[in-house]
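Peer 1: Fold the following for me, if possible:
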Amino acid sequence: MNTTNHTNNVLVELRGIGKFYGRGQRETRAVENVSFQIRDGEFVALLGPSGCGKSTLLRIITGLMPPSAGEVLYRGKPLRGVNEHATIVFQTFALFPWLTVEANVQVALQARGVAPAERRARALKLIDLVGLDGFESAYPRELSGGMRQKVGFARALAVEPELLCLDEPFSALDVLSAESLRGELMELWTSHTLPTRAILLVSHNIEEAVLMADRIIVMDKDPGRVVTEIQVALPQPRHRKEIHFLALVDRVYAAVAGETPVEPYVRMGTAPNEPGKTEMLPHAPISAIAGLVEYLAEEGKRADLYYVGEKLSMELDELLPAVEAVELLEMATVTGGDIALTALGGTFAAATILARKEIFAQHIRPLPMFRWIMNELQRAEQHRLPLDFFLNVLESEFTAKEAERQFNTAINWGRYAELFEFDDDRDELYLTNGSTPAAVGGSTASAK
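Peer 2: Predicted structure coming up:
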């Protein structure tokens, strides 16, 4: 991180921040050893996939949640309790439906004991600032999504925060409304009209981060951590089709996606009854995996990740799991922001429906999750086990929510590969006829 000549204008500094839930084997590390600064006059974006702890860090910075480890400094002093110099705009509009626009904006001022006359004057000024003049007496139900989010911005700005925190504020809007609101916010920020000293944006939209931020902090998950920081030295307003903008987007994609290891996905956790947290399954549906492989085959077996996401209309949280899945299955590799199809990926793309299933089955059987599931089913009476059996084991390694997501992904992949089936009426997983001990004896032996 570059801190040269900025020591006297740092608003927020995070030092070794960690946030942990649970204890012992059930402990989950949402974020670990996160350190960075936000300086006066900066627009900073926190970028990364879902589950990397972006929103957790936002709540720690605003004092809504204490860290489990590390320290937050605000203007050089340790933060204790709620940060009175910061406010948050959430992705949901969070307006009081029984209050008018003006009354919604006044709420935060009323909570701080501001006199009624001053509350009204400040609320009206901000309503005008965000372009809602004439809608003071309207109720949220009368407003479009973009207009409701403008009320959220006005309410957050009413207390004149030094730090404005934005938690994916455009994600609940349609494309045109989001684009319009981004442009209006940047106009207010670059013209120094906003009563705020710095902005921190949480996003999983790479274009959005490059379009708006001066600096992008890239995060990864399991646990949430900072991967790198990227300066955005492009003048405002920025243009999506400009060559330097596209080059920077490509660079950020490369940082977020990482690179395929030289020896990918070493199989760890060889005990036959162990699911193996060392290799979590990416939450990618079969359709996304097949679609990505087919697209790469059509595009000459290599493509820029940025263009893949754009062409397939996939957000980062949809694209990254699919990329992780094709890497895990050794159908593609990622290097420098580019994804390239392997020989196996090319074979899969050209194969028939049945051949694809067999290829898929062969490459998921060795994975710790499937090795464990298959061995447990083969040992069970009638080769059937209840859902709760698997969830209870997985919850010793993951949170209850993540355990369910992991198992749902495993069921989706396993059923496609015809390794096992799921009985919805009895909530039981069972082996198919083709996956009985006799049929898969070779795989079982190698797993043991």
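
Peer 1: Could you check how far Ser396 is from Ala403?
Peer 2: Here the criterion is C-beta to C-beta, to the nearest Å. By it, Ser396 lies 9 Å from Ala403. (C-beta placed from N, C-alpha, C; glycine too.)

Peer 1: whoops, I mixed them up, Glu32
Peer 2: For Glu32, the distance to Ala403 - C-beta to C-beta - is 20 Å.

Peer 1: Looking at Ser396 and Ala403, which is more packed in?
Peer 2: A count of neighbours by other C-beta atoms under 10 Å puts Ala403 above the other of Ser396 and Ala403, at 19 against 12.

Peer 1: pLDDT score assigned to the residue nearest to the more buried one when sequence neighbours are not counted?
Peer 2: The spatially closest residue to Ala403, leaving aside those adjacent along the chain, is Leu394, at 3.7 Å (C-beta to C-beta, 6 or more residues apart in numbering). You'll see Leu394 listed with a pLDDT of 84.

Peer 1: now swap in the one 4 residues further on and tell me
Peer 2: Among the per-residue scores, Phe398 holds a pLDDT of 77.

Peer 1: Over to the nearest residue to it once chain neighbours are set aside: give its phi and psi.
Peer 2: Distance criterion C-beta to C-beta, 6+ apart; nearest residue to Phe398, sequence neighbours excluded, is Gln406 at 6.2 Å. Note on Gln406: its backbone torsions stand at phi -60, psi -40 [degrees, to the nearest 10].

Peer 1: Go ahead and confirm Gln406 touches Val393.
Peer 2: No. In this structure Gln406 lies outside contact range of Val393 using C-beta atoms under 8 Å: 10.8 Å.

Peer 1: okay, the two: which has more neighbours?
Peer 2: A count of neighbours by other C-beta under 10 Å puts Gln406 above the other of Gln406 and Val393, at 21 against 17.

Peer 1: Quick one: residues contacting that one.
Peer 2: Neighbour list for Gln406: Met280, Leu281, Met369, Leu394, Phe398 [criterion: C-beta atoms under 8 Å, 6 or more residues apart in numbering].

Peer 1: Out of those residues, name the ones that lie in helices.
Peer 2: Taking DSSP state H as the definition of helices, the contacts of Gln406 contribute Met369, Leu394.

Peer 1: For the contacts of Gln406, which entry has the maximal number of neighbours?
Peer 2: Neighbour-wise, the contacts of Gln406 (other C-beta under 10 Å) top out at Met369, 24 neighbours.

Peer 1: That one and Ala410 touch, don't they?
Peer 2: Yes. The pair Met369 / Ala410 is scored as a contact, 5.3 Å apart, by C-beta under 8 Å.

Peer 1: Report the secondary structure element holding the spatially most central residue of the chain.
Peer 2: The centroid of the chain falls nearest to Ser50 when counting by C-alpha atoms, centre = their mean (2.0 Å). Using DSSP states H and E, Ser50 falls within no helix or strand.

Peer 1: Next: Val159.
Peer 2: Applying DSSP H and E, one finds Val159 in no helix or strand.

Peer 1: That one: how many residues sit nearby?
Peer 2: Each residue near Val159 was counted by other C-beta under 10 Å, and the total is 17.

Peer 1: And for the one 5 residues further on?
Peer 2: Applying the criterion other C-beta under 10 Å, we find 24 residues in the vicinity of Leu164.

Peer 1: Could you do the one 3 residues further on as well?
Peer 2: Asp167 sits with 20 neighbouring residues when counted by other C-beta under 10 Å.

Peer 1: on that earlier part again, and the gap between the residue nearest to Ala403 and Asn408?
Peer 2: As judged by C-beta to C-beta, Leu394 and Asn408 stand 11 Å apart.

Peer 1: now the strands: where do they sit in the stretch 201-350 of the chain?
Peer 2: 215-220, 225-231, 302-304, 332-335, 338-341 (DSSP state E, counting those that start in this stretch).

Peer 1: export the ones you listed to JSON lines and tack on distance to Leu387 and mean pLDDT?
Peer 2: Putting the strands of the stretch 201-350 of the chain into JSON lines (distance: least, C-beta to C-beta, whole Å; pLDDT from 0 to 100) gives the following:
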{"stretch": "strand 215-220", "distance to Leu387": "30", "mean pLDDT": "89"}
{"stretch": "strand 225-231", "distance to Leu387": "32", "mean pLDDT": "88"}
{"stretch": "strand 302-304", "distance to Leu387": "39", "mean pLDDT": "79"}
{"stretch": "strand 332-335", "distance to Leu387": "32", "mean pLDDT": "85"}
{"stretch": "strand 338-341", "distance to Leu387": "35", "mean pLDDT": "85"}
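
Peer 1: Ok, which of the ones you listed comes nearest Arg384?
Peer 2: Closest approach to Arg384 among the strands of the stretch 201-350 of the chain (C-beta to C-beta): strand 332-335, 35.5 Å.

Peer 1: Neighbouring strands of that closest one in the sheet, and parallel or not?
Peer 2: Using DSSP bridges, the strands paired with strand 332-335 are strand 338-341 (antiparallel).

Peer 1: So for stretch 225-237, what gets flagged as buried?
Peer 2: Going by neighbour count (16 or more other C-beta atoms under 10 Å), the buried part of stretch 225-237 is Arg225, Val226, Ile230, Val232, Leu234.

Peer 1: what's the farthest-apart pair in the residues you listed?
Peer 2: Checking those with C-beta to C-beta, the most distant pair is Arg225 and Leu234, at 26.5 Å.

Peer 1: sorry, back to before: kindly reformat the buried residues of stretch 225-237 as a markdown table containing distance to Ser171.
Peer 2: Listed next are the buried residues of stretch 225-237 as a markdown table, based on distance: C-beta to C-beta, whole Å:
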| residue | distance to Ser171 |
| --- | --- |
| Arg225 | 23 |
| Val226 | 22 |
| Ile230 | 21 |
| Val232 | 20 |
| Leu234 | 23 |
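
Peer 1: Out of those, flag the one nearest to Ala290.
Peer 2: Looking across these and measuring by C-beta to C-beta, the closest to Ala290 is Arg225, at 31.3 Å.

Peer 1: For the closest one, which non-adjacent residue is closest in space?
Peer 2: Once flanking residues are discounted, Arg225 sits nearest to Glu32: 5.8 Å by C-beta to C-beta, 6+ apart.
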